[in-house]
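*Asks:* have a look at this prediction, sequence included:
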Amino acid sequence: MNTLFMGIALVSALLGQDATPLRPPPNIEGPTLKDTLNFIQDKLPGRVNYIVYSPNKVSNTDLPPLKLTLMVSNVFADAGRCSISFNMLFDNRNTNSFDEHDVQIGLKDVREVSTTKLDEVRPNAKADHPEIAITVDPPLFASQTKL
């Protein structure tokens, strides 16, 4: 008898509660991580030619313009590792000097991404030579990541 009473009490309690149906996960629209990384892999490689002008505001003279090239190649986006790797080559066409870097960014380690005009990125220009106003043509932006 006690078992029957407990069974009836349990059924009554269940029927008396507001049943909250399980909700399906929200419908997330948009590309997947793999799609996004493939898009970046396809769009990132390229070459940018630009000129850096450095007029001296104090002496009213101009330093010779620097003709520079930035090339990005060998881009590989790995959705499994959530990372992007690529090769960057800076070419100073005035002095035929090269600065090459292999870069790998683990996206899960990125804490902040900021974008700055390239003529404001040069750290020593304002500190060491505030009289030199650097201008980049065409205007370019640099993305910096903090890990």
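*Replies:* Thanks, I have it. All of these numbers come straight from a predicted model, not from anything done at the bench. Numbering: from 1, shown residues only.

*Asks:* and the helices in this structure, which stretches?
*Replies:* For the chain, the helices defined by DSSP state H occupy 2-16, 33-43, 118-121, 123-128.

*Asks:* those helices: lowest mean pLDDT?
*Replies:* Set side by side, these give their lowest mean pLDDT on helix 2-16, at a mean of 40.

*Asks:* so C82 touches G106, yeah?
*Replies:* Yes. Counting by Cβ atoms under 8 Å, C82 touches G106, with 6.8 Å between them. Heads up, the C-betas are built off the backbone N, CA and C, glycines and all.

*Asks:* quick one: residues contacting D109.
*Replies:* Going by Cβ atoms under 8 Å, 6 or more residues apart in numbering, D109 touches L147.

*Asks:* what do you get for P31?
*Replies:* F39.

*Asks:* quick check, pLDDT for it.
*Replies:* At P31, the model reports a pLDDT of 88.

*Asks:* now the strand ranked longest in the chain: mean pLDDT?
*Replies:* Ranked by number of residues, the top strand in the chain under DSSP state E is strand 61-78. Mean pLDDT, computed over strand 61-78, is 90.

*Asks:* tell me which residues of it are tucked away?
*Replies:* Neighbour-count burial for strand 61-78 flags 66, 68, 70-71, 75, 77 (criterion: 16 or more other Cβ atoms under 10 Å).

*Asks:* just these now: which is nearest I134?
*Replies:* Closest approach between the buried residues of strand 61-78 and I134, by Cβ to Cβ: L66, at 9.7 Å.

*Asks:* with adjacent residues omitted, what lies nearest to the closest one?
*Replies:* Excluding the flanking residues, the one nearest L66 by Cβ to Cβ, 6 or more residues apart in numbering is V52, at 4.3 Å.

*Asks:* distance check, that neighbour against K34.
*Replies:* Separation of V52 from K34 (Cβ to Cβ, to the nearest Å): 38 Å.
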